[in-house]
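Novice: the following comprises the amino acid sequence and a computationally predicted model.
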Amino acid sequence: MGPRRKASKLQPVGGSGEAELVLRPSEPKDYINELSHEVLCHIFRYLPMKDIMCMECLSRKLREAVTLYLRVVKVVDLCAGRWWEYMPSGFTDSSFLLLLKKMPDLEQLYGLHPRYLERRRVRGYEAFSIPGVLEALQACPNLLGVETSHLELVEAIWNYMPQVHILGKFRNRNGAFPIPAENKLTIPITAKIQTLHLVGVNVPEIPCVSMLRHLYLKWVRLTKPQPFKDFLCVSLRTFVMRNCAGPTNSLKYVPLVTGLASARNLEQLELVRVPFLGGLIQHVVEDSWRSGGFRNLHTIVFGACKNALEVDLGYLIITAARRLHELRIQPSLTKDGVFSALKMAELEFPQFETLHLGYVDEFLLQCKMSHSELVKYGLADVIENPGIITDIGIRVVNEVFTNIKYLLIYNCPHLHNPHQWITDQSRWGRLVDLTLVRCHAIKLESFSQFIELLPSLEFICLDQMFREPPKVYSIRWPTRQGKMQQQKNAAITNKEKTYKPTKQMPKKNVPNTKNTQNNSKRETLQSRKGKTPLRRSNNVAVSVAASVDQTKAQVLESSCEKSCQVTSEQIKADMKAAVENSKRTSNKGVTTEAGETSTRPGAEGGPVRSTGSAGAAARTGVRPVTGSVSRVGPGVATSRQVDGCGRVVAGTTYRATTTNDRATGTGRTIDGTEGPSRAQTGDSCPRESGVRQSSGIAGVDSLGPRDASRRPALLVGQGERQPVPAGSTSAAGSVSQQGQARDEDFVPRRPLTRSCTRMSSVSLIPETARPRVTVRRKRMADKSTSTSDPVTEDDHIQILSLKSKNLVGITLTNCGITDLVLKDCPKMMFIHATRCRVLKQLRVESAPIVNRFDYAQCKKLDMEQVLDQILRMPAERNRIIYMRPMHQIDSVALERQLFQGPYPYHIAIVHEFSNPPNIRNKVRIRSWMDTIANISQELIKYEFFPEATRTEEDLKKYPTYPWGRDIYTLEGLVDGAPYSMITDFPWLRTLRAADPNSYARYDFEDDESTTIYAPRRKGQLSADICMETIGEEISERRQSKRGVFQRVVVLFLHHCDTPGEPVDDDYI
């Protein structure tokens, strides 16, 4: 009998003569109980099992409907489709058995993911155990399959219910490395499973499992001495073996490779740290390719395979050429010869898209264990060296894989000039995504040219690229002897104030420059015998040249760069050659007519001698590459560049020594002050605003002691940003007699740096009238009596210029660039920069639609300059700027800059103080900032609403707060962390305060208590709907003639890194 219906009374409405009746219930009507059992069972199909079981308690009819539903149900999911979660807790053996007994027709049980299972039952204790689950499963006579992730439970099902299939993907959830001893699994031959993912498990062997299609082994210890003895999986489509602890004998892997060859449908093969026998794959491919072995591979991954040979990889690639679309190659196989051989094979790869060169597994990159510890835990003994592929090999890559779309290169130090990768046969016409990681030798200027030549490139990702050249930190050593010598030099310097020296170096006969060159070359070669050569032969000081052609030929005399890293032996050899060459040249009497010997204190106090080349370069317009450094102790690390005046700027680390230069009679101590012969040094580059012309002699600079005290800062502070006088001429150009012989052909040794900009092949300022750059130096105490004053070299300028017609975004991580320039990027939409320590400035020349800027943990970022550049862009897009500064922000000055400036946007400044960082507000703002702008655009375009402006007249009209804007503040808490929003956004306050409308959606977890503004909770899903809510505010603004801007900008400041210590964050 069904549930009793509640009686309803019918009463007439209105007068007694009216026949109209209305239903006036005495209680709310129960519509659910009026539905039939069939309809209720149909509804239950869309509910999670947890909710269905709760229905039993509501009414007798619902309990009957639930019983009927369970009696006929065939497929049940205990996790409601969320396979990554656990099943509802609270089950015991008896309750789980009771539930499954209600489902006699159950065939497939999904989501059997218990959080914890006892191994065995305990008498008198009600628990959830493996025997209890098996008993409940056996109570379902029609059960075909079970989905689970429990190792011991799946092994019990294989042993006691072998007819039951393991549904879906089996992934154990307690995997770890080192491999836990309690994680064990024995796979029987009869296992009915298609996908097996094992992570951190001890497995005796991999047997012949005929149904297995996907086998994924990560951190698996294979305990038997012959774990692949019976391996044969003919249905296998995916085989992945990463960092497993298996046998060390390579011969034990022969059955594995032959078994893989028998899987004719194998599509994905990933071998990471698998020490198979070198050449084995070649022979197996030769035997099996005719019968279809490895013919259907579309993904091949080799990583840290100790014995893998080029022929193994090459044979696989050639066999799978028809379907191959992804290839990841370990560093030892990343070499020119592999691709040259593939080119000779003359194959086509019609589906190939993705290439990863120098591939290293993520575990090895992130693991903090040492190599010996990994070997101790059973992993193969492999040490990877960087890939040795060169520019020639990369050029061939695109000739082989003409359709490549995604290119990732990791740690290939022999790549230098990317613009040379493009040829008539190798145009990279379909390359969409380029990622470069730790390719330190790539030249910045060449990379910029390469980007410009790629027609389809959309995304660039650079990680640990263009690292900063080593900087010089000089500390005066507080020794007693050093103090005494400094005091003497101070007294000498004071005497120099009373008179100006008038004597100059006497002229001597000019020696035969050709013989000098030959002698210096011969001596250099002799001194380098038995030593490893440096990357280029122009590291030796360039001797005197008689003409432009001779000098250019000597400067440009170079060889291929053979190594990215310079060893200490190479440095010693180079320094020895330089010292000997310097001595011999000075002893032969090179006069100031041919090029005065300029001896200057280095950045660390050691003398830096530029022999002859300074004067010659000043007259010929060709700058020498490096100078020679004398009096250098062992283990000196040098970073030598030449500034625009031909002087050598040496970044070196010296020992504490007191040196005397006998050639010029100048005495120095390690603090860099000079003796009485200061006037004899050839300082041909003027320091003050006046520009002196250079005649036969390179120029005598009789600066006072005040200028001498600034000399160390001049040598090391080469890159402070400075204003450039419009009408001035460059110091280098003022002494040049042959302007046509410039250094267009010169290729710098390292990426373009701040101290190297004037010798690079592309100048940062126009060649027509290059002004003299006045260097703004850091104010430092550098007096001769001080013994502990630091002298810090400024950051070298490294400018990344982007010009690309299809580029959408760029991501920079740990890069050493100081300036990012967007020259012409019409489709550029985002810039992400993370942990770029010296990134300072952004220059936007043409990037009209870029709208997302993320700068996180960029310590030296010039916020004022970057914000000004972004806000001065044409107001064609709404823009959001996310910054995580590492220093305190002057919020008042920031507000003044943004709200007072000539920026035609509505602006919002959000201060977020969550730590660890919470991105809820940042993500939500992106969802509604466009709605605010769309309302304003609709009003301006279709309602003739006044549009606000920020012209010069407006700025003069509103010189004080609030600068003609309606500024207000919103504050609140998100997950317990405060936030503050200072803004002049129109409409926002009214929309926040409005009540939800009929479009409100409550499936969204946010409201105003957890974020700034939650439009979906209010039902404010579009500009049209919002305009119905803010009609009153629109009328008020129209009457007061207050216009609105069409675009908005949000500056989101996250202050979690403000103390200066970066906070780890998974979101960046």
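Specialist: Structure's in. What do you need? These numbers come from a predicted model, not from an experiment.

Novice: hey, let's count contacts and neighbours off CA atoms from now on
Specialist: Noted.

Novice: outside of the longest helix anywhere in the chain, which residues touch it?
Specialist: Identified as the longest helix of the chain according to DSSP state H is helix 920-942. Contacts to helix 920-942, defined as CA atoms under 8 Å, 6 or more residues apart in numbering, come from residues 878, 880, 945-947, 974, 985-988, 1011-1015, 1022-1024, 1026-1027, 1044-1048, 1052.

Novice: repeat the analysis, applying 7 Å as the threshold.
Specialist: Under the contact criterion CA atoms under 7 Å, 6 or more residues apart in numbering, helix 920-942 has outside partners 878, 945-947, 987, 1011-1012, 1022-1023, 1027, 1044-1048.

Novice: out of those, flag the one nearest to residue 81.
Specialist: Of all the contacts of helix 920-942, residue 81 sits closest to residue 1011, with 29.0 Å by CA to CA.

Novice: helix, strand, or coil at the closest one?
Specialist: Under DSSP: H, G, I helix; E, B strand; the rest coil, the three-state class of residue 1011 is coil.

Novice: for it, which non-adjacent residue is closest in space?
Specialist: Distance criterion CA to CA, 6 or more residues apart in numbering; nearest residue to residue 1011, sequence neighbours excluded, is residue 921 at 5.6 Å.

Novice: can you pull the buried residues of stretch 221-234?
Specialist: For stretch 221-234, the neighbour count (16 or more other CA atoms under 10 Å) marks 221-222, 226-234 as buried.

Novice: using CSV, write out every CA atom in that stretch.
Specialist: What follows is stretch 221-234, C-alpha atoms only, in CSV (Å, rounded to 0.1, in the frame of the first residue of the first chain):
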residue,chain,number,x,y,z
ARG,A,221,62.2,-2.5,-8.4
LEU,A,222,62.4,-5.8,-10.3
THR,A,223,63.5,-8.3,-7.7
LYS,A,224,64.1,-11.5,-9.8
PRO,A,225,67.4,-11.9,-11.5
GLN,A,226,65.6,-12.5,-14.9
PRO,A,227,62.5,-10.3,-14.6
PHE,A,228,61.8,-10.2,-18.4
LYS,A,229,62.4,-14.0,-19.0
ASP,A,230,58.7,-14.6,-19.9
PHE,A,231,57.9,-11.0,-21.1
LEU,A,232,55.5,-11.2,-24.1
CYS,A,233,52.6,-8.7,-24.4
VAL,A,234,51.3,-9.0,-27.9
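
Novice: how about residues contacting it?
Specialist: 201-210, 212, 244-247, 252-253, 255-256, 259, 262-264.

Novice: who's in contact with stretch 908-915?
Specialist: Under CA under 7 Å, 6+ apart, the answer for stretch 908-915 is 977-985, 1049-1056.

Novice: same thing with stretch 265-273?
Specialist: Contacts of stretch 265-273 (CA under 7 Å, 6+ apart): 235-243, 294, 296-306, 380.

Novice: determine how far the last residue of that stretch lies from the first.
Specialist: Taking CA to CA, to the nearest Å, stretch 265-273 runs 24 Å from one end to the other.

Novice: buried set for that stretch?
Specialist: Using 16+ other CA under 10 Å as the test for burial, stretch 265-273 gives 265-273.

Novice: stretch 1038-1053 too?
Specialist: Applying 16+ other CA under 10 Å to stretch 1038-1053 flags 1042-1053 as buried.
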